[in-house]
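S.K.: Could you look at this predicted model? Sequence included:
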2 protein chains.
Amino acid sequence: MSAVKLEDIARQLGVSISTVSRALSGNGRVGEKTRQRVLAAVQESKYTVNAVARSLRLRDARNIGIIVPDISNSYFAAVIKGAQEVCRQSGYALMVCNSDEDRSFEEEALRTLLEKQASGLILASVGGCAELLGQYAYHDAPIVFIDNIPQGVNAADVVSIDNLAAARELTRAMLARGYREIGMITGPGDQSTGSLRRAGFEQALVDAGLALRPEWVLEGDFRMASGRACMESILRLEERPRAMIIANNYMTYGAINAIRVAGLRIPEDIALAAFDALDETGLITPLITSLNQPAQRIGRRAAEIILSRLAGEERREDEEVVLKPVLFEGGSW
Amino acid sequence: MSAVKLEDIARQLGVSISTVSRALSGNGRVGEKTRQRVLAAVQESKYTVNAVARSLRLRDARNIGIIVPDISNSYFAAVIKGAQEVCRQSGYALMVCNSDEDRSFEEEALRTLLEKQASGLILASVGGCAELLGQYAYHDAPIVFIDNIPQGVNAADVVSIDNLAAARELTRAMLARGYREIGMITGPGDQSTGSLRRAGFEQALVDAGLALRPEWVLEGDFRMASGRACMESILRLEERPRAMIIANNYMTYGAINAIRVAGLRIPEDIALAAFDALDETGLITPLITSLNQPAQRIGRRAAEIILSRLAGEERREDEEVVLKPVLFEGGSW
DNA sequence: GCCAATTGAGCAATCGTTTGTAACGTGATA
DNA sequence: TATCACGTTACAAACGATTGCTCAATTGGC
């Protein structure tokens, strides 16, 4: 309501608005004594620049948006931290949105960021907002996908691990441990993260000359309850696998729960390996063997790509940064 | 760059900008057929309102800021979710900032939000930004404190549990269980959350006629490493307490780690009760007895208070909403 | 002492919306 | 036909900052 603006300071000092603006930004020439007077008055009056007005004038909001499916998931929290670090250093604000694993919420967030003139967007999509994404291209705001690459998007900047290869390697490592009867709890088939991890798993089995057992492969939704439900089904089978690969952290927690409730031991009765099951507390026993995405690095690289896009005028090739996951060997296999 | 604006649509239709604006907002009167024509053109051209320009004109950015010390902490993640829910329903955007438990980062976030003309602010402060907070009052943006109430702030809207009473009750419950030699790992003494919880603990002991053992009360910084370090010190004591109360979740995880490393059992060798040690995975054993803050409700109420302040013109009394924590009894005592 | 060069500061347009007010056109009534 | 009323639309002024351009003032060189 009563915020101090450039005009107030200008009037108080008997100079023009433009002089005050230039004294602050250092963009035009201003005499040394006037500059000092302005700076003093600004200090004294607690003037704060109005970023809304500035953004309008500059046609640049200097903020980048990030949408994740679940802010409580430590994996995404780390991604956010990484992105924030980069934004902070470059004077951009990071606008964090949570889609709650819901398409319409994701769409809503997308629309809000679009209206707020986000300069760029980091998106861990749950899928299916193709038209809205087109508008970003129209505003020519760069988009970087992390994690899932929605259907309908063919060329784009992407920062992620190679999910297919990763799942294949993880499965191979499990095979190398001697396990032959391996099942999997995958993610939603319509998300690339889900389907690629499944494909990698199946490839590894086929390569090893093993038959696929469809009843051992269940599809979850990346949430804890579904991990638990899937594992319960598995445990009810007459003939059950000796080991399971699980496509993300939360489903793993649910699965462990089911295993404990059934009174079984890990890995003696059933072995586990997972994606991102990184347990920051280090208190879940046995420690879960998992292939961990370098979450913070993903966030950082994604933000860096956005910034470089914003800086460079020329449109380069689509950038696809493939980061290497890190295998943590716990006691769960 | 090439975003469609009202002017483009107006020109295309041969009407004025104001007509298009009014057709969209429904604020002024517009003939039915023109309204239809406008709506069609808007659809077709994929027009998106420029929120920056609108905010400037309306002098209202319609966004509320929230600053938390650690976005990875599930407690704060839940607070954010609660606040977001309310914002979503009322058409406000929530701008999430992470201070990383660092004062200068907090200050930076505060300044950014101020510049972006945040309509309101929810603050879980790590303390010490009194001057900047003054400017919010100046912009008359309502502030609601959650968790810690920084020094230098005397009257304000607050949503939290009654930390003193809560610590007292938790300690009493522990005494009722028969424990007499109780220590505590507190939070930073300069944060009200830390000092109040400590005070409540001490009160309960004094009320019970027990002597305070200063060597059993250590001050941590709410992070995991400090919880571990403090517990290690405790375990090194010749005469050590039979039970510990720990002021937050992360320090508890560190403490459990130390206990396990020392080869001791919970609760047989040392019993634990904590604040917010809520373990979403349910996999840490034994389940930790803890007094849990209704995090999501706190976020929701805080946002609601902001909105009601923004709606009501008249300045009411400072509002202090005291929510009740929930005791979860696990096997750690 | 005069003209050119250089510096300092102001004017005014602009960014895209919203909205008070004025103007316009149509139809009805006297 | 003139007047009035009413429903529609256009005009233009904001919101607060940035910046190209202009012009006045100071300086310096000859």
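M.R.: Sure thing, it's come through. Residues are numbered from 1 along each chain as shown, chains lettered A, B, ... in the order given.

S.K.: separation between A:Gly187 and DNA strand C?
M.R.: Noted for A:Gly187: a distance of 38 Å to DNA strand C, by C-beta to the nearest atom of the strand, to the nearest Å. Just so you know, the C-beta spots here come from the backbone N, C-alpha and C atoms, and that holds for glycine as well.

S.K.: Same question for A:Trp216.
M.R.: For A:Trp216 relative to DNA strand C (C-beta to the nearest atom of the strand), the value is 54 Å.

S.K.: Phi first, then psi, for that residue.
M.R.: phi -100, psi 0 (degrees, to the nearest 10).

S.K.: try A:Ile122
M.R.: According to degrees, to the nearest 10, A:Ile122 has phi -110, psi 130.

S.K.: Please apply the same query to A:Asp140.
M.R.: phi 20, psi 60.

S.K.: Any idea how many residues pack against it?
M.R.: Other residues within reach of A:Asp140, judged by other C-beta atoms under 10 Å in any protein chain shown, total 14.

S.K.: Show the model's pLDDT score for it.
M.R.: On pLDDT, A:Asp140 comes in at 79.

S.K.: cool, and A:Ser2?
M.R.: 60.

S.K.: Who are the contact partners of the closest residue to A:Gly282 other than its chain neighbours?
M.R.: Spatial nearest neighbour of A:Gly282, chain neighbours left out: B:Asn257 (6.1 Å); criterion: C-beta to C-beta, 6 or more residues apart in numbering or on different chains. Residues near B:Asn257 by C-beta atoms under 8 Å, 6 or more residues apart in numbering or on different chains: A:281-283, B:224, B:228, B:231.

S.K.: In helices, which of the residues you listed fall?
M.R.: Secondary structure defined by DSSP state H assigns B:224, B:228, B:231 of the contacts of B:Asn257 to helices.

S.K.: Would you mind putting these into JSON lines with pLDDT alongside?
M.R.: Shown next, in JSON lines, are these (pLDDT from 0 to 100):
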{"residue": "B:Met224", "pLDDT": "96"}
{"residue": "B:Arg228", "pLDDT": "98"}
{"residue": "B:Met231", "pLDDT": "98"}
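
S.K.: out of those residues, who has the most neighbours?
M.R.: Busiest of the ones in helices among the contacts of B:Asn257 [other C-beta under 10 Å] is B:Met231, holding 29 neighbours.

S.K.: Could you double-check that that residue lies in contact with B:Val261?
M.R.: No. Using C-beta atoms under 8 Å, B:Met231 makes no contact with B:Val261, being 9.4 Å away.

S.K.: The nearest residue to A:Asp190 once chain neighbours are set aside: how many residues sit nearby?
M.R.: Distance criterion C-beta to C-beta, 6+ apart; nearest residue to A:Asp190, sequence neighbours excluded, is A:Gly127 at 5.8 Å. Neighbour count for A:Gly127, taken as other C-beta under 10 Å: 17.

S.K.: count of neighbours near A:Gly14?
M.R.: Neighbours of A:Gly14 (other C-beta under 10 Å): 7.

S.K.: And A:Val159, by the same measure?
M.R.: So A:Val159, with other C-beta under 10 Å, has 24 neighbours.

S.K.: quick one: strands adjacent to the helix or strand hosting it?
M.R.: If you go by DSSP states H and E, A:Val159 is part of strand A:157-161. According to DSSP bridges, strand A:157-161 forms sheet pairs with strand A:143-146 (parallel), strand A:320-323 (parallel).

S.K.: can I get those in a markdown table with mean pLDDT?
M.R.: A markdown table is the format used below for these (pLDDT from 0 to 100):
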| stretch | mean pLDDT |
| --- | --- |
| strand A:143-146 | 92 |
| strand A:320-323 | 88 |
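
S.K.: highest average neighbour count across those?
M.R.: strand A:143-146 (a mean of 24; mean count of other C-beta atoms under 10 Å in any protein chain shown).

S.K.: can you list contacts of that one?
M.R.: Looking at what lies outside strand A:143-146 - C-beta under 8 Å, 6+ apart - the contacts are A:79, A:120-125, A:133, A:136-137, A:153, A:156-160, A:298-299, A:302, A:305-306.

S.K.: ChimeraX command to pick out the buried ones of those residues?
M.R.: Command for ChimeraX, covering only those of the contacts of strand A:143-146 found buried under the criterion 16 or more other C-beta atoms under 10 Å in any protein chain shown:
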select /A:79,120,121,122,123,124,125,133,136,153,156,157,158,159,160,298,299,302,305,306
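
S.K.: Please narrow the contacts of strand A:143-146 to those residing in helices.
M.R.: A:79, A:133, A:136-137, A:298-299, A:302, A:305-306.

S.K.: Looking at those residues, spot the one nearest DNA strand C.
M.R.: A:Tyr136 (15.8 Å; C-beta to the nearest atom of the strand).

S.K.: Might you report the residue contacts of A:Leu196?
M.R.: With C-beta under 8 Å, 6+ apart, A:Leu196 has these contacts: A:163-164, A:167.

S.K.: JSON lines for the ones in helices among the contacts of B:Asn257, including distance to A:Ala51?
M.R.: Below are those laid out as JSON lines (distance: C-beta to C-beta, whole Å):
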{"residue": "B:Met224", "distance to A:Ala51": "36"}
{"residue": "B:Arg228", "distance to A:Ala51": "41"}
{"residue": "B:Met231", "distance to A:Ala51": "45"}
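
S.K.: Quick check: the gap between the nearest residue to A:Leu283 once chain neighbours are set aside and DNA strand D.
M.R.: Nearest residue to A:Leu283 in three dimensions, chain neighbours excluded: B:Ile284, at 4.5 Å (C-beta to C-beta, 6+ apart). As judged by C-beta to the nearest atom of the strand, B:Ile284 and DNA strand D stand 51 Å apart.

S.K.: Could you report the neighbour count for A:Ala10?
M.R.: 18.

S.K.: I figured it hits A:Ser16, correct?
M.R.: Yes. A:Ala10 is within contact range of A:Ser16, at 5.8 Å (criterion: C-beta under 8 Å).

S.K.: What's the local residue count around A:Glu7?
M.R.: 11.

S.K.: where does it sit relative to chain B, distance-wise?
M.R.: 14 Å (C-beta to the nearest C-beta, to the nearest Å).

S.K.: Pretty sure that residue sits against A:Ile17.
M.R.: Yes. Look at A:Glu7 against A:Ile17 with C-beta under 8 Å: they come within range, at 5.6 Å.

S.K.: what residues are shared contacts of these two?
M.R.: Between them, A:Glu7 and A:Ile17 share no contacting residue, judged by C-beta under 8 Å, 6+ apart.

S.K.: can you give me the end-to-end distance of stretch A:279-296?
M.R.: Using C-alpha to C-alpha, to the nearest Å, one end of stretch A:279-296 lies 15 Å from the other.

S.K.: List just the nearest of the ones in helices among the contacts of B:Asn257 to chain A.
M.R.: Checking the ones in helices among the contacts of B:Asn257 against chain A with C-beta to the nearest C-beta, the nearest one is B:Met224 at 7.5 Å.
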